[in-house]
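Novice: need a structure here:
(one chain, ligands or ions: 1)
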Amino acid sequence: MIVEAQAVGKEYALGKQTVTALRNISLSIHKGEFMALAGPSGSGKSTLLNLIGCIDTPTTGTILIGGQNISGKTPDELADLRLNTLGFVFQTFNLLPVLSAWENVEYPLLQQPKVAKKTRQERVQHYLKVVGLEPYAHHRPNELSGGQRQRVAIARALATRPSIVLADEPTANLDHKTGEGILRLMKDLNQEEGTTFIFSTHDARVMEMADRVIELADGQIME
Ligand SMILES: Nc1ncnc2c1ncn2[C@@H]1O[C@H](COP(=O)(O)OP(=O)(O)OP(=O)(O)O)[C@@H](O)[C@H]1O
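Specialist: As a prediction, the model looks like this:
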């Protein structure tokens with residue numbers, strides 16, 4: 001199993017109140033799975049992705065990534081895991097506005113000292129090509145369309161060769177045709193490189209392409 005959640009719960013403190021976002025989630029994800037998390041708004045999809053992505057920690061229960069319990073890890077070890085094992089595509093893309101498409105994709109690679117300059121440049125070029133953005137390498141995010149920005153974010157998430165890509169609503173904010181292209185691209189990478197994909201979605205096309213759809217409601221997995 002590449003990802004395991006064991007009886008995971010997550011509560012947020014909101015003023016004096018406690019919001020329960022996830023309750024008793026147990027889930028195993030195989031290496032190479034193309035998996036969708038579905039469910040209504042507020043059902044806990046983003047929360048679960050953030051926990052698997054080590055961006056946040058569960059209130060109760062355990063998450064294992066590649067067999068390793070992440071709650072025992074130091075902040076440095078978690079940063080390392082995020083950098084080397086996980087790729088994250090956020091709904092808002094989170095590109096750095098002052099950097100070009102090329103530099104945005106290169107950025108996480110600069111933090112991998114083991115990747116030599118030549119390899120780094122080949123990787124950036126390769127992934128920009130994979131997402132069809134070679135001609136836009138020197139454009140900044142505000143000089144790109146929404147779909148193009150989304151593709152830069154995907155190239156950036158893939159360039160570090162993560163074994164797991166987490167994507168929060170990868171086709172939201174995109175027109176039908178662009179969304180279809182992005183999905184196809186992710187499915188091809190899944191099949192060619194064996195990358196595990198886990199995404200949250202409301203999109204029926206995404207669910208159709210998935211190997212498995214897990215349905216959340218009110219912070220729980222529906223049977
Ligand atoms: N930082 C936070 N503080 C307080 N409550 C939060 C926080 N983040 C999420 N929640 C609450 O946790 C629950 C789950 O939210 P989450 O964002 O995981 O849902 P979602 O299924 O991803 O929704 P959507 O489809 O609208 O993105 C919601 O009730 C939400 O209001």
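Novice: What strand or helix carries the most centrally placed residue in the chain?
Specialist: Of all residues in the chain, the one closest to the mean position by Cα atoms, centre = their mean is residue 166, 1.9 Å from it. Counting by DSSP states H and E, the element that carries residue 166 is strand 164-168.
Novice: for the least confident helix or strand in the chain by mean pLDDT, packing partners?
Specialist: Between all helices and strands in the chain, the lowest mean by mean pLDDT, DSSP states H and E belongs to helix 176-193, at a mean of 86. Identification of packing neighbours for helix 176-193 by 3 or more Cβ pairs under 8 Å, 6 or more residues apart in numbering; DSSP states H and E yields strand 34-38, helix 146-159, strand 196-200, helix 204-209. C-beta here means a position set from N, CA and C on the backbone, and glycine is covered the same way.
Novice: Can you say which of these is nearest to the ligand?
Specialist: strand 196-200 (5.8 Å; Cβ to the nearest ligand atom).
Novice: any idea how far that closest one is from the chain center?
Specialist: 6 Å (Cα atoms, centre = their mean, to the nearest Å).
Novice: and that strand with strand 164-168, angle?
Specialist: Taking axes from the mean of the first three to the mean of the last three Cα atoms, to 10 degrees, one finds strand 196-200 and strand 164-168 inclined to each other by 10 degrees.
Novice: Parallel or antiparallel, list what pairs with strand 196-200.
Specialist: With DSSP bridges as the test, strand 196-200 is paired with strand 34-38 (parallel), strand 164-168 (parallel).
Novice: Go through those and name the closest to residue 223.
Specialist: Nearest of these to residue 223, taken as Cβ to Cβ: strand 34-38 at 13.8 Å.
Novice: May I see the helices and strands packed on helix 176-193 organised as CSV, with mean neighbour count and mean pLDDT added?
Specialist: As requested, the helices and strands packed on helix 176-193 are arranged in CSV below (neighbours: other Cβ atoms under 10 Å; pLDDT from 0 to 100):
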stretch, mean neighbour count, mean pLDDT
strand 34-38, 22, 96
helix 146-159, 23, 90
strand 196-200, 24, 95
helix 204-209, 15, 89
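Novice: could you redo the ones you listed as JSON lines and give each row distance to residue 177?
Specialist: Putting the helices and strands packed on helix 176-193 into JSON lines (distance: least, Cβ to Cβ, whole Å) gives the following:
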{"stretch": "strand 34-38", "distance to residue 177": "20"}
{"stretch": "helix 146-159", "distance to residue 177": "8"}
{"stretch": "strand 196-200", "distance to residue 177": "19"}
{"stretch": "helix 204-209", "distance to residue 177": "11"}
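Novice: Generate CSV for these, with distance to the ligand as supplementary columns.
Specialist: CSV is the format used below for those (distance: least, Cβ to the nearest ligand atom, whole Å):
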stretch, distance to the ligand
strand 34-38, 8
helix 146-159, 16
strand 196-200, 6
helix 204-209, 13
